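Peer 1: Following is a predicted model, sequence given first.
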Amino acid sequence: MTLWSDISELSWSFVGVLRDVAPIVVVMFVFQLVILRRKIPHLRQVLFGLLYVVLGLAFFLFGLERALFPLGREMAAQLTDPTFVGIAEGDTVNWLAYYWVYTFAFAIGFATTIAEPSLIAVALKAQEVSGGGVKAFGLRLAVALGVALSLAVGTFRIVTGTPLYLYMIAGYIIVVIQTLAAPRMIVPLAYDSGGVTTSTVTVPLVAALGLGLAGSVPGRSPLLDGFGLIALASLFPMITVMGYAQISGWLARRAAARASAPPQGDTS
Amino acid sequence: MSSSAKDMIRLLGETARDLAPILVIVGFFQLVVLRQPVDNLGQIAAGFVFVLLGLAIFIRGLEMALFPLGEALADALAQRGSLTLLILFAFGLGFGTTVAEPALIAVGEEATEVMAVAGVIADDESTLARTATSLRYTVAVSVGSSLVLGVFRILKGWPIQWLIIGGYIVVVALTTIAPAEIVGIAYDSGGVTTSTITVPLVTALGVGLASVIKGRNPMVDGFGLIAFASLMPIIFVLLFGLVIAA
């Protein structure tokens, strides 16, 4: 790698982000200035902020492309390689043989979700709006756990070749039941956290893992079995976020009950 | 100036904490499980420095620009009080940000390839390209309509769960009749539509609307726009598969 190719790669990443931002900025500014005819408050700060957004994302993507993605793709290929898994040509597949794949899927799902920029944004907003009732970091941990579980289950599904819709429908049923029981204020946030988990960092790695796995497990086709990880990763966080609210609500109620109980009477 | 420098250092520290798990896991698998030395260590280390700086700068920009912009727009639209404008804006934002989304373009190409292999559509260059383009517009229209529906819900104060659960029932019903090859792609398309720049804006817009409209609670009514934007594409792509196969 020469310095020159680095610079040209970085500028491409910059151009790519600019192209993503352009339609949004056009829609916003046309509405604000032409249709609503309102000045944008703190215009200077907003323009600098937009510059930060573009610059930050460009650096972020450039760095990922440089460090994490090649490493992640290579690791996905090595972990799903039949010789590493220890199966010979023509063996029937024992799903247990792929335990390192499930572990990797779980761990990398958790780690990349913690670093996901759009989740950071939603978590910050939720903490602000709830007046601290929802902790930004706690929310992110809950979502990351959901993504981790979903990828472990999703890789298991690819190895066993069971149909995706069964998992999705089972997940939907759990979501519906939890919705009836969870605190009302967490429900919309939980639904949103399904959609924000899979963007910049997670999708490219997950796609590599799914395609690598479907391509190397005997009897699976990357075209027909390689997808579905993203779908599960958008579903499971709803379950863990509502679960997080249910558990912390339960703990708070228990603590309150303890505090109000007479000091010696608690023997149950 | 020194306080903003302090802010930036604090932010860099937090970002480093956010990225640490990735380093630990990659290191563990590389050295303990796969027992492979890491090639190009210098290049990878430099890459991580860019990731760290980029994430910290992005978060700073988020608080300076994307959140205030979304709030200012919600404020302006609510004061103007025109439903048509609000709906037009919601649709434009959803459609405009989705139609050019690179992840969506990739999924569209993959989807048409699967359908051609399965024999649902003819396997020639022009059919593939046409199908991929119409799929992309289908998803963009679906994201535009989902923001319209989501904004409408905030105005009316409808509880979100009935809409989402109703959506699930539609998804399940469509799954049983749609061509099996499109199902996985349809489910995945819900996850790829919401980009890193759209999410903060849309969130700020929803929360902003719910805070300025009387009788709405930002926590209960403000969130949920992204949920619609993740659910609606699944329904539209399943319908797309049905139409194509017919």
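Peer 2: Arrived safely, thanks for sending.
Peer 1: Relative to B:Gly150, how far out is the residue lying closest to B:Gly224 once chain neighbours are set aside?
Peer 2: Using CB to CB, 6 or more residues apart in numbering or on different chains and skipping the chain neighbours, the partner closest in space to B:Gly224 is A:Pro188 (3.9 Å). All C-beta spots, glycine's among them, are computed from the backbone N, C-alpha and C. The spacing between A:Pro188 and B:Gly150, counted by CB to CB, to the nearest Å, is 10 Å.
Peer 1: list the residues that contact both of those two?
Peer 2: Residues touching both A:Pro188 and B:Gly150 (CB atoms under 8 Å, 6 or more residues apart in numbering or on different chains) are B:Gly224, B:Ala227.
Peer 1: Looking at those two, which is more packed in?
Peer 2: Neighbour tally, A:Pro188 and B:Gly150, criterion other CB atoms under 10 Å in any protein chain shown: the higher count belongs to A:Pro188, 29 against 26.
Peer 1: Which is the succeeding secondary structure element to the helix or strand hosting that one?
Peer 2: If you go by DSSP states H and E, A:Pro188 is part of helix A:187-196. Using DSSP H and E, the helix or strand that directly follows helix A:187-196 along the chain is helix A:202-216.
Peer 1: and that following helix, does that touch chain B?
Peer 2: Yes. Using CB under 8 Å from any CB of the partner chain, helix A:202-216 reaches chain B at A:Val203.
Peer 1: before we move on, what SS does the residue nearest to B:Phe48 when sequence neighbours are not counted have?
Peer 2: Computed as CB to CB, 6+ apart, the closest residue to B:Phe48 that is not its neighbour in sequence is A:Ala67, at 4.9 Å. The three-state assignment at A:Ala67 reads helix, by DSSP: H, G, I helix; E, B strand; the rest coil.
Peer 1: Tell me the confidence at A:Ala67?
Peer 2: With respect to pLDDT, A:Ala67 scores 83.
Peer 1: correct me, but it touches B:Leu41?
Peer 2: No. A:Ala67 is beyond contact range of B:Leu41, at 10.2 Å (criterion: CB atoms under 8 Å).
Peer 1: Those two - which one has more neighbours?
Peer 2: Between A:Ala67 and B:Leu41, counted using other CB under 10 Å, A:Ala67 has the larger neighbour count: 23 against 9.
Peer 1: and the more buried one, what does it touch?
Peer 2: So A:Ala67 contacts B:Gln43, B:Ile44, B:Ala45, B:Ala46, B:Gly47, B:Phe48, B:Phe50, B:Val51 (CB under 8 Å, 6+ apart).
Peer 1: Number of residues surrounding A:Leu209?
Peer 2: 28.
Peer 1: Am I right that it is in contact with A:Glu74?
Peer 2: No. Contact criterion CB under 8 Å: A:Leu209 and A:Glu74 do not qualify, at 11.5 Å.
Peer 1: Helix or strand next in line after the helix or strand of chain B with the lowest mean pLDDT, which one?
Peer 2: When the helices and strands of chain B are scored by mean pLDDT, DSSP states H and E, helix B:102-117 comes last with a mean of 75. Counting by DSSP H and E, the next helix or strand C-terminal to helix B:102-117 is helix B:125-156.
Peer 1: Output the contacting helices and strands for that next one.
Peer 2: Packing partners of helix B:125-156 (3 or more CB pairs under 8 Å, 6 or more residues apart in numbering or on different chains; DSSP states H and E): helix B:83-99, helix B:102-117, helix B:160-177, helix B:198-212, helix B:225-245.
Peer 1: Let me see the mean pLDDT of the last one.
Peer 2: Helix B:225-245 comes out with an average pLDDT of 89.
Peer 1: how about low-confidence regions in chain B?
Peer 2: Applying pLDDT under 70 to chain B flags the ranges B:1-2, B:193.
Peer 1: actually the stretch 101-250 of chain A, not the one I wrote
Peer 2: Within the stretch 101-250 of chain A, the stretches with pLDDT under 70 are A:198-199, A:222-224.
Peer 1: how about the most centrally placed residue in chain A, what does it touch?
Peer 2: By CA atoms, centre = their mean, chain A has its centre lying nearest to A:Thr197, at 2.7 Å. Contacts for A:Thr197 (CB under 8 Å, 6+ apart) come out as A:Thr113, A:Glu116, A:Leu119, A:Val143, A:Gly146, A:Val147, A:Ala233, A:Ser234, A:Pro237, B:Gly191.
Peer 1: Same question for A:Tyr99.
Peer 2: A:Tyr99 neighbours (CB under 8 Å, 6+ apart): none.
Peer 1: Count the residues that sit near B:Glu125.
Peer 2: Residues near B:Glu125, counting by other CB under 10 Å, number 7.
Peer 1: Can you tell me how far it is from B:Val114?
Peer 2: Applying CB to CB, the value for B:Glu125 to B:Val114 is 16 Å.
Peer 1: same question, B:Lys156
Peer 2: Distance of B:Lys156 to B:Val114, given as CB to CB: 39 Å.
Peer 1: Centre-most residue in chain B?
Peer 2: By CA atoms, centre = their mean, chain B has its centre lying nearest to B:Thr194, at 1.0 Å.
Peer 1: Identify the residues contacting the closest residue in space to that residue that isn't next to it in sequence.
Peer 2: Nearest non-adjacent residue to B:Thr194, counting by CB to CB, 6+ apart: A:Gly195, 5.0 Å away. Contacts here follow CB under 8 Å, 6+ apart; on that basis A:Gly195 touches A:Ser234, B:Gly190, B:Gly191, B:Thr193, B:Thr194, B:Val199, B:Ile226, B:Ala227, B:Ala229, B:Ser230.
Peer 1: got the buried residues for the helix or strand where the third one lies?
Peer 2: The one in question is B:Gly191. Using DSSP H and E, the element containing B:Gly191 is helix B:180-192. The neighbour-count check on helix B:180-192 (16 or more other CB atoms under 10 Å in any protein chain shown) flags B:Glu181, B:Ile182, B:Val183, B:Gly184, B:Ile185, B:Ala186, B:Tyr187, B:Asp188, B:Ser189, B:Gly190, B:Gly191, B:Val192 as buried.
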